[in-house]
Every structure is written in C-alpha cells, then in structure tokens.
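# turn this into a structure:
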Amino acid sequence: MERPLLFSSLHLALPITLAFVTLGVLLFLMNVKMRAYGSIVLGFGFVFFGMGIMTAAMEPLQTDPVFMEYLAAISEQPLLAVVVAALFTAIVQNSAATIALAMALAANGSISLEAGVAIVYGANFGTVFTASSQA
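Residues are numbered from 1 along each chain as shown. Here you go, the predicted model:
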C-alpha cells in the first residue's frame with residue numbers, strides 16, 4: 001500500500017514541526033494581541049511532531065505477525081473495527097488518541113482507508129461510553 005507523503009517518516013515531520021514551533025514562539029513573543037495566534041501555531045507544530053513520533057513508533061509493529069493478523073481482520077471486517085475502536089476509546093477515555101493511532105497506522109500502510117474510517121466511527125461511538133460513565 002502506498003504511504004501518504006505528509007506523515008511518511010519522522011524526517012519529514014521534524015522540519016514541519018520546527019517551522020510551526022519557531023513561528024509559534026515568534027508570534028507568541030511579539031505582543032499580547034499575537035499571543036493567541038502564536039499558541040495556535042505552536043499547537044499545530046506539536047500535533048505534527050506527535051504524529052511523526054506515533055508514525056515512527058508504529059513502523060516496528062509491521063514486522064510482528066500477530067499484530068498484522070489483527071489489523072488484517074480489522075481491515076476485512078469494518079464492524080469489528082468499529083467495535084474494537086469503541087472499546088479502546090472507552091478504556092482510554094480519549095477519542096483523539098484512538099483517531100491519532102488510526103492515522104499513524106494508515107500512514108504506515110498497515111490499515112486501509114475503509115478500516116481507518118471505521119475506527120474513526122468507533123472512536124466517536126466510544127465517546128458515548130466515556131460520557132455516560134462520567135454522568
């Protein structure tokens with residue numbers, strides 16, 4: 001499976017991160033009016049950095065046959081992907097973490113687009129369990 005260009009390696013994520021962080025710090029230090037914009041740009045920089053780290057961390061799992069077997073089962077059965085993602089989201093109580101994990105797996109080519117969409121649906125369904133457990 002062909003890998004997307006944006007998160008294909010940590011080497012590409014680091015320059016993007018540096019650019020966003022540098023611009024964010026400069027905007028943050030300019031004056032009070034630009035501080036909010038600097039925080040936003042800095043946040044985007046850290047998002048790119050986190051995605052680069054997660055993508056790099058997922059690459060060694062591509063050699064694990066058991067993990068790849070689970071991913072193949074999830075890719076073939078979208079309903080299973082929704083259920084697994086909902087349970088994972090309910091356990092970690094953070095749908096953004098589940099979606100970021102799906103993005104990292106898709107960036108490595110470990111899961112298909114259909115499985116990624118099913119995981120996003122499952123993560124959104126899993127937030128219902130999180131919200132109901134807090135109520």
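# for the protein, longest helix please?
helix 32-58 (DSSP state H).
# name the residue closest to the centre of this structure, please.
Nearest residue to the geometric centre of the chain (C-alpha atoms, centre = their mean): Ala100, 1.4 Å.
# and the nearest residue to that residue once chain neighbours are set aside, how many neighbours?
Nearest non-adjacent residue to Ala100, counting by C-beta to C-beta, 6 or more residues apart in numbering: Met54, 6.0 Å away. C-betas here are computed from N, CA, C, even on glycine. The tally of other residues near Met54 (other C-beta atoms under 10 Å) stands at 20.
# could you do the one 4 residues further on as well?
Neighbours of Met58 under the rule other C-beta under 10 Å: 19.
# show me the contacts for it.
The neighbours of Met58, taking C-beta atoms under 8 Å, 6 or more residues apart in numbering as the test, are Ala104, Leu105, Ala107, Asn108, Ser110.
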